[in-house]
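Enquirer: Need coordinates for the below:
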Amino acid sequence: MSGDKRNKLRVNLNTISLEADLAYFGARLELVGEPETRYQAAQLKVYKALEAALCENLKRLRKKDA
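Expert: Below is the predicted model of the structure:
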């Protein structure tokens, strides 16, 4: 097996795991609420970015499965 094939990241995306991840990040966003510190503001920004990325992946996965 070539080095390129061994170094590729293998990701198994499925609808259920993405929905669970979205629920997790939604709960985390609720816990952060209105940020009081820079750390919380950064955390909120990252969670929102991850949520957007997960939503996009979920849309693509559902479209592919349909």
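
Enquirer: Pull the number of nearby residues for the nearest residue to residue 35 once chain neighbours are set aside.
Expert: Spatial nearest neighbour of residue 35, chain neighbours left out: residue 41 (4.1 Å); criterion: Cβ to Cβ, 6 or more residues apart in numbering. Every C-beta, even on glycine, is put in place using the N, C-alpha and C of the backbone. The number of residues packed near residue 41 is 13, by other Cβ atoms under 10 Å.

Enquirer: Kindly provide the distance from residue 41 to residue 26.
Expert: Applying Cβ to Cβ, to the nearest Å, the value for residue 41 to residue 26 is 18 Å.

Enquirer: for the record, mean pLDDT for stretch 36-55?
Expert: Averaging pLDDT along stretch 36-55 yields 89.

Enquirer: buried set for that stretch?
Expert: Under the neighbour-count criterion of 16 or more other Cβ atoms under 10 Å, stretch 36-55 has 43-44, 47, 50-51, 54 buried.

Enquirer: would a markdown table of these with distance to residue 15 and secondary structure be doable?
Expert: Listed next are the buried residues of stretch 36-55 as a markdown table, based on distance: Cβ to Cβ, whole Å; DSSP: H, G, I helix; E, B strand; the rest coil:
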| residue | distance to residue 15 | secondary structure |
| --- | --- | --- |
| 43 | 26 | helix |
| 44 | 26 | helix |
| 47 | 21 | helix |
| 50 | 17 | helix |
| 51 | 16 | helix |
| 54 | 11 | helix |
